[in-house]
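Peer 1: Sequence and predicted structure below; questions after.
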Amino acid sequence: MQNAKTPQNGIRAVIFDFGDVYNLSNGPGTVFMRQFGRAEREEKRKLWNAEVKPLWRRLTKGEITTEEFWASAGLACGVAVDPAEMNREMVHGQVSERFRNRGLVEMIIQLKKRGITTAMLTNNVKGWFDEWKMKDENRELFDPIIASQEIGMRKPDEEIYLHTFSVLGLQPQECFFIDDQADNVEAGIRLGMPGFVFPPKTNVEHANWALKRKLKELELLGRG
């Protein structure tokens with residue numbers, strides 16, 4: 001990790017979520033629904049939310065495999081599924097340059113220039129995330145990169161935040177957390193870590209503007 005300077009507000013590290021913050025590709029539910037016609041999707045999505053979505057927690061903790069996850073999705077929705085093809089689509093979405101939030105990258109670069117540590121904390125699946133994680137350009141942007149399945153913990157459980165503070169060697173109040181899920185941000189706040197809910201499923205330019213304004217208020221970015 002880089003050596004972080006301490007600004008006036010005491011924040012030495014900014015921790016970013018991956019999906020719907022840094023990466024704007026579709027999640028597994030949307031990828032899975034592509035095989036259905038528009039008329040079927042509403043019914044199938046209800047089945048997904050009721051029977052498959054709860055398995056996402058187990059998958060991102062490493063308790064089940066992607067093959068088991070996709071097989072359960074197929075069984076719930078009454079369709080044959082090729083897990084290998086589903087996995088390829090998920091990897092493509094995570095590594096494709098076109099899904100990267102370029103406005104956010106600019107903020108990260110500015111933060112690093114100001115001596116702020118920039119970290120990644122994501123609920124993710126090792127087989128989908130490995131290729132992205134191993135790219136030098138991503139490792140230069142984020143240090144450390146903490147992915148749930150690799151350590152058997154996930155947001156919003158307290159233990160993953162405590163693990164992150166330990167890896168960073170910082171106190172909760174010395175970190176600032178950005179996530180699109182309010183529950184995840186609120187869990188960090190309860191431990192003493194300030195945070196920002198990245199506006200979910202909205203115009204990315206507006207979301208970036210709101211985040212940039214917040215980082216300027218905290219004097220983590222310059223006013224210019």
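Peer 2: Yep, it's here.

Peer 1: which residues of this protein fall in strands?
Peer 2: 13-16, 117-122, 145-147, 175-179, 195-197 (DSSP state E).

Peer 1: so which of these comes closest to Lys61?
Peer 2: strand 145-147 (11.0 Å; Cβ to Cβ). For the C-beta atoms, the positions are set from N, CA and C on the backbone; glycine is no exception.

Peer 1: That closest one - what's its average pLDDT?
Peer 2: For strand 145-147, the mean pLDDT works out to 97.

Peer 1: Out of the strands of the chain, which is closest to Pro156?
Peer 2: With Cβ to Cβ, the closest approach to Pro156 among these belongs to strand 175-179: 8.9 Å.

Peer 1: Who does the residue lying closest to Phe142 once chain neighbours are set aside form a beta bridge with?
Peer 2: Leaving aside its sequence neighbours, Phe142 sits nearest to Met120 (Cβ to Cβ, 6 or more residues apart in numbering; 4.0 Å). For Met120, the beta-bridge partners are Phe16, Ile145 (DSSP bridges).

Peer 1: right, and Met120 touches Phe18 too?
Peer 2: Yes - in this structure Met120 lies within contact range of Phe18 using Cβ atoms under 8 Å: 6.2 Å.

Peer 1: residues shared between the contacts of these two?
Peer 2: Common contacts of Met120 and Phe18 (Cβ atoms under 8 Å, 6 or more residues apart in numbering): none found.

Peer 1: ok, back up a step: what about the residue nearest to Phe142, how many residues close to it?
Peer 2: Counted with other Cβ atoms under 10 Å, the neighbours of Met120 add up to 25.

Peer 1: ok, now which ones touch the closest residue to Asn124 other than its chain neighbours?
Peer 2: In space, and not counting its chain neighbours, Asn124 is closest to Ala147: 4.6 Å by Cβ to Cβ, 6+ apart. Applying Cβ under 8 Å, 6+ apart, we find Ala147 in contact with 120, 122, 124, 126, 129, 133.

Peer 1: Going through the residues you listed, which ones are buried?
Peer 2: Among the contacts of Ala147, those that count as buried by neighbour count (16 or more other Cβ atoms under 10 Å) are 120, 122, 124, 129, 133.

Peer 1: So, low pLDDT: which residues of this structure?
Peer 2: Counting by pLDDT under 70, the chain has low-confidence residues at 1-8, 224.

Peer 1: can you list the domains in it?
Peer 2: According to automatic domain parsing, the chain comprises the domains 13-24+100-217, 28-95.

Peer 1: Using a markdown table, lay out those domains together with distance to Arg223.
Peer 2: Formatted as a markdown table, the domains of the chain follow (distance: least, Cβ to Cβ, whole Å):
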| stretch | distance to Arg223 |
| --- | --- |
| domain 13-24+100-217 | 6 |
| domain 28-95 | 34 |
